[in-house]
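Visitor: Below are the sequence and a predicted model; questions follow.
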Amino acid sequence: MTAVNLPARRGYTLLEIILVMALLVVATTISTLAIDSLLIESRISSSADIVRGLTAEARARALDTGTPWRVGFLPNTSYYQVAPEGAAEWDSPNQDTTKEAELIRDKLPTDIVFALSDSDITGSKSAGSAGSKWETIAIYLGNGDARDDTITYFGKPGIVPMRIRVRALTGNVTVETPLMVKESSQ
């Protein structure tokens, strides 16, 4: 038997190049989706912390001043506001961010919106038209209690939203995850 000497291969075939490119596209797509999912979860978690902080701020200011303080939002937007209940700022849907002694107005992280119902967020891939008036998350009285029981939703359109539940008697605020929302509605 004699050995056959084949010439050394100097490149790659078109099939090999296409196969490697396809693998790169698949790996990039999977990693992009995973990173996007993590970023959305991070923004929603950050929004929950912001809402908890806002309600705590309004409650503390109500206790300090002895007058009602309100936490509100513009539906289908990221904008929220904390101010005394009778403040003129509640009369217009101004979206300028500000932080003053008697007014805090800012917005949630990118792509996260407030809504009046879970279907306003879950039911569409984008937020609806912006509300024309401030809706209430909570009004805290001078003794630290909330005026009414309320439920508000926030999240990324197209995804099951988080729910903010305020209890009037105690002023307690609970931010519930989508799993908790599904269980309590059944």
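Guide: Now that the structure is in, tell me what you want to look at.
Visitor: Could I get the full set of strands for this structure?
Guide: 69-73, 79-84, 98-99, 104-107, 113-115, 135-140, 150-155, 162-166, 173-176 (DSSP state E).
Visitor: Could you say which one of the ones you listed comes nearest to R52?
Guide: R52 lies closest, by C-beta to C-beta, to one member of the strands of the chain: strand 173-176, at 6.1 Å. No exception for glycine: its C-beta is placed from N, CA and C like everyone else's.
Visitor: Give me the contacts around the closest one.
Guide: 48, 51-52, 55-56, 138, 162-167, 184 (C-beta atoms under 8 Å, 6 or more residues apart in numbering).
Visitor: Including distance to I30, mean pLDDT and mean neighbour count, could the strands of the chain go into CSV?
Guide: Listed next are those as CSV, based on distance: least, C-beta to C-beta, whole Å; pLDDT from 0 to 100; neighbours: other C-beta atoms under 10 Å:
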stretch, distance to I30, mean pLDDT, mean neighbour count
strand 69-73, 35, 96, 25
strand 79-84, 35, 95, 22
strand 98-99, 41, 92, 10
strand 104-107, 31, 94, 18
strand 113-115, 28, 92, 26
strand 135-140, 38, 95, 22
strand 150-155, 24, 93, 22
strand 162-166, 27, 92, 22
strand 173-176, 31, 90, 18
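Visitor: The ones you listed: which one's closest to A8?
Guide: strand 150-155 (59.6 Å).
Visitor: Name every strand pairing with that closest one and say which way it goes.
Guide: Its sheet considered, strand 150-155 pairs with strand 113-115 (antiparallel), strand 162-166 (antiparallel) by DSSP bridges.
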